[in-house]
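Chemist: need coordinates for the following:
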Amino acid sequence: MSSRLQRPRSFMGGKWSSPTAWVVPAFRSRGYTVVSVGYRMLPHVGIKDIMTDVRTAYAWCMDNLPRLVGADPCAGVIAGASAGATAALLAGFDFDPKPKAVINVYGMVDMLDPSHHTTLPFKADPYITSATEGELAEAMKTRDPSKALVQCPWAGDLPPVVPLEVTRAHLGLPEYTPTDATFFHLDLVTYMVKKRIMLRTVFRCDETADDSVFRATLRAWNPLDRLANDVEVARAYPPTFILHGSADQFVPLHEATKMAAILRRAGVAVGEAYPEGMDHCFDWAIGSPKDEGWVECVIPMLDFLDAHLRGPT
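Modeler: Residues are numbered from 1 along each chain as shown. Alright, predicted model coming up:
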């Protein structure tokens, strides 16, 4: 029996972009079909638009993959890394039908955690273009969804850091060419990170919004609150595998372990891998079974999925 893995990918530290290298070889090795979802990115859209795009992609997969590749429509998994994991976690609450499992790779689980509202614990990337912060601030006001990008690799995956052929191979897009808009978007992401306005931007609470309104908005969406405040919601949550580095500077490990504890108390199956000393995006160094981390991080995830989608063999 084949299964379908739908994988939205990233934003708060990822910016909704391309799939990590290990994903396709890992899941295909177990017979899973992988669909990488592109959706509209900040600042032109907010969380409601983003989740609409993910929901639309999920529905498309359910309707079309059985015909196209013979995938089992009753065995869908939704997964993501960083903010893509946050989107996947949100999908686990109310998508219909619910995914059979959720994979959370260092996703933000508690948007109200103080670490997301204090001084940045690391140095932000330098700007790439010649745009001033004033110009970036003005561009942040744009709210035209038609101008939103749906694909934007990291600077380290683009020329001049790597040859264009490498970028194209990584994306699986043989004609892809970055534009000025690509690099400007990367600077917008850096600006949001430096100014600590990423959450306000995605949840559409600009800097003039009252802090109590902002916090109430976050609480309404917050996965940890939704699970902790309603045991029936927690009990109905899909089996979840969590992969999170113990030294993550962007999303602290305790968010992941709190979620795992709540789900386990509610009787939900949980798988966990917390590689020691690893920071945010540590899995970018994992690309194939020969790489360090594959056995510790990837194999347990695949075994967890097999157990919950296929049962005993």
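Chemist: the stretch 51-200 of the chain: strands as residue ranges?
Modeler: 76-81, 101-105 (DSSP state E, counting those that start in this stretch).
Chemist: for V161, find the nearest of the ones you listed.
Modeler: strand 76-81 (20.3 Å; CB to CB). (Glycine included, C-beta is placed from N, CA and C.)
Chemist: include mean pLDDT when you put the strands of the stretch 51-200 of the chain into JSON lines, please.
Modeler: Shown next, in JSON lines, are the strands of the stretch 51-200 of the chain (pLDDT from 0 to 100):
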{"stretch": "strand 76-81", "mean pLDDT": "92"}
{"stretch": "strand 101-105", "mean pLDDT": "96"}
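Chemist: closest to A181 out of these?
Modeler: strand 76-81 (23.7 Å).
Chemist: next, the angle strand 101-105 makes with that closest one.
Modeler: 10 degrees (axes from the mean of the first three to the mean of the last three CA atoms, to 10 degrees).
Chemist: what stretches of this structure score poorly on pLDDT?
Modeler: 1-19, 311-313 (pLDDT under 70).
Chemist: report the central residue of it.
Modeler: With distances taken as CA atoms, centre = their mean, the residue of the chain nearest its centroid is G84 (1.3 Å).
Chemist: from K194, how far off is that residue?
Modeler: For G84, the distance to K194 equals 22 Å [CB to CB, to the nearest Å].
Chemist: confirm that S288 sits in a helix.
Modeler: No. Counting by DSSP: H, G, I helix; E, B strand; the rest coil, S288 is located in no helix; its state is coil.
Chemist: helices along this protein, start to end?
Modeler: Read by DSSP state H, the chain holds these helices, from start to end of the chain: 23-28, 47-69, 83-94, 133-139, 164-171, 180-195, 198-202, 211-221, 223-228, 231-235, 253-265, 299-309.
Chemist: and the contacts of the first one?
Modeler: The reference is to helix 23-28. In this structure, residues lying in contact with helix 23-28 by CB atoms under 8 Å, 6 or more residues apart in numbering are L5, R7, T33, V34, S36, G287, S288, P289, W294, V298, M301, L302.
Chemist: any chance of TSV for those, columns neighbour count and distance to L120?
Modeler: Below are these laid out as TSV (neighbours: other CB atoms under 10 Å; distance: CB to CB, whole Å):
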residue	neighbour count	distance to L120
L5	27	33
R7	24	28
T33	20	38
V34	17	33
S36	20	29
G287	17	29
S288	12	33
P289	13	35
W294	17	31
V298	23	30
M301	22	30
L302	15	34
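Chemist: of all those residues, which comes closest to F183?
Modeler: Proximity of the contacts of helix 23-28 to F183 (CB to CB) peaks at S36, which lies at 22.1 Å.
Chemist: please report how far the closest one lies from V54.
Modeler: Applying CB to CB to S36 and V54 gives a distance of 12 Å.
Chemist: next one: D113
Modeler: D113 is 23 Å from V54, by CB to CB.
Chemist: ok, V213 next?
Modeler: 25 Å.
Chemist: show me which residues of stretch 260-280 are buried.
Modeler: Across stretch 260-280, burial judged by 16 or more other CB atoms under 10 Å covers 260, 262-263, 266, 268, 270-275, 278, 280.
Chemist: of D113 and V54, who's got more company?
Modeler: Using other CB atoms under 10 Å, the more surrounded residue of D113 and V54 is V54, with 23 against 17.
Chemist: and the more buried one, what does it touch?
Modeler: Contact analysis of V54 by CB under 8 Å, 6+ apart lists P8, V37, Y39, I78, A87, A91.
Chemist: Throw these into a markdown table and include neighbour count and distance to I47, thanks.
Modeler: Below are those laid out as a markdown table (neighbours: other CB under 10 Å; distance: CB to CB, whole Å):
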| residue | neighbour count | distance to I47 |
| --- | --- | --- |
| P8 | 30 | 13 |
| V37 | 23 | 15 |
| Y39 | 24 | 11 |
| I78 | 31 | 16 |
| A87 | 26 | 9 |
| A91 | 22 | 12 |
